[in-house]
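Visitor: Give me a model of this one.
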Amino acid sequence: MNDGNMVTTEQHIEIIHRFYQVEKTSFEEMTAYLLTEYLATYMPVRMVFFGAPADNSEYIAQFNYLRKTVKKFFGDKQPIVSYVAQPVDTGGMAMEIHELVLTGQDMVTYQKCADIPYIVVERKGYKRLFLGGVTGDVLHRNIREQSDDVFSRIRQVLDTEQIPVSSIVRQWNYIEKITNYDNVGHQHYQDFNDARSLFYTNVEWETGYPAATGIGTQCGGIMVDMDVLLCKDETILLTGVDNPLQVAAHAYSQQVLLGETILQAKTTPKFERAKAIWKEDHGFIYISGTAAIRGEQSLEGVGIEEQTLITLENIDYLVSNENLQRAGIPVTKKGELTNFRVYVKYWKDLDKVRRILEAKYPKLPVIYTLTDVCRSELLIEIEGVGLLQ
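Guide: All right, here's what the predicted structure looks like:
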């Protein structure tokens, strides 16, 4: 078991992440072990399971089993459930828990709309929404059709709660065989990006796009998770954080976008390198999926160790005192990383990656999964969260 806890300051801003893993047994036994190992300290809002279903039919069956089993454990106050078809380094399953520390003013409601369960946490000037596990019809629709359907259903939830799309602060986008092409030359990731761009059309992104990860899965079609924050409290600063070492993903040129499109031109991935929430003298930062890209070009042919080091350098500069202050956040020191998810393309590279991370961050909770990254030449991607002071 790997249990990662955040040390919070003003606790109503931060989210606590905890990691649990289990060796391979039957799916039912692994699920039971993970759920019984977890003892809630604060309010669980999201449970993300990582596993290795054999195909889409098994993925659907296992995902349904997870939903039903979590409901038995939590009843009507169950967290959002997601299932990511990515093998983990134990060979079994992993579970990531997101907990929210409530204040005395918070009102929590458990809702459902468009067949999507979600959680609303609300107080004066502040409305937070957690939704996830939003999937398409993986057995009958292509990636573009699934993407459009997922975003249409998410829009119904946001409209029902009267929350603008621009309030999305963190988005996880899971895309089956992300770098594959269909039989008419459409790349899965590009089709997803085109659908996301249409979903974001006519939206005023005053604080920047969400932080986001677009990552591959072995099966499962399209699945999207979101953290949403509608904040009218003027003491809270919400802002995107750029990284001068990398071209903003939403500003990529057509040269690095692959595949065909039904639009006039291929659209860019719409996310910021990070998204920060700051109040008075402390804050919290979502770090988007980060890889060995400088400018807008991948570092090709340099091997896993060099790609890992460059990825960590990108993250290190992203949360540096200098860069955070450039984004308008009045920090007094660099961001403190609290956990990582590490996506590795080949298991043969895992030991090298682990050695580098443990040398640089010996006490950092990390979960490792196997999957394709958004460009075929990239061998690793890392996302995380951190505290700001």
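
Visitor: Pull up the pairing partners for the helix or strand of the chain with the lowest mean pLDDT, direction included.
Guide: When the helices and strands of the chain are scored by mean pLDDT, DSSP states H and E, strand 297-298 comes last with a mean of 72. With DSSP bridges as the test, strand 297-298 is paired with strand 293-294 (antiparallel).

Visitor: Who does the most centrally placed residue in the chain form a beta bridge with?
Guide: Geometric centre of the chain, nearest residue: residue 172, 3.2 Å, by Cα atoms, centre = their mean. Residue 172 forms beta bridges with residue 213, residue 225, as assigned by DSSP bridges.

Visitor: Buried residues, whichever strand or helix holds residue 341. List them.
Guide: Using DSSP states H and E, residue 341 sits within strand 336-344. By neighbour count on 16 or more other Cβ atoms under 10 Å, the buried set for strand 336-344 is 337, 338, 339, 340, 341, 342, 343, 344. From N, CA and C alone the C-beta is placed, and that goes for glycine too.

Visitor: and the closest residue in space to residue 207 that isn't next to it in sequence, what helix or strand is that in?
Guide: Leaving aside its chain neighbours, residue 207 sits nearest to residue 238 (4.7 Å; criterion: Cβ to Cβ, 6 or more residues apart in numbering). Take DSSP H and E as the rule and residue 238 turns out to sit in strand 236-241.

Visitor: Rounded mean pLDDT for that strand, please.
Guide: For strand 236-241, mean pLDDT rounds to 94.

Visitor: which strands and helices sit next to the helix or strand just after it?
Guide: Sequence-wise, the next helix or strand downstream of strand 236-241 (DSSP H and E) is strand 274-279. Counting contacts by 3 or more Cβ pairs under 8 Å, 6 or more residues apart in numbering; DSSP states H and E, strand 274-279 packs against strand 168-176, strand 236-241, strand 282-290.

Visitor: what angle sits between the last one and strand 274-279?
Guide: Okay, so that is strand 282-290. Here the directions of strand 282-290 and strand 274-279 differ by 170 degrees (axes from the mean of the first three to the mean of the last three Cα atoms, to 10 degrees).

Visitor: need the strands for the stretch 51-200 of the chain, in chain order.
Guide: 80-85, 93-100, 107-113, 116-123, 126-135, 168-176 (DSSP state E, counting those that start in this stretch).

Visitor: Which among those is found nearest to residue 302?
Guide: Among the strands of the stretch 51-200 of the chain, the nearest to residue 302 by Cβ to Cβ is strand 168-176 (25.1 Å).

Visitor: Mind giving me the packing neighbours of that closest one?
Guide: Using 3+ Cβ pairs under 8 Å, 6+ apart: strand 168-176 touches strand 80-85, helix 188-200, strand 211-217, strand 222-231, strand 274-279.

Visitor: quick check: mean pLDDT across that strand?
Guide: Average pLDDT, strand 168-176: 98.

Visitor: Compute the inter-axis angle for that strand and strand 222-231.
Guide: 180 degrees.
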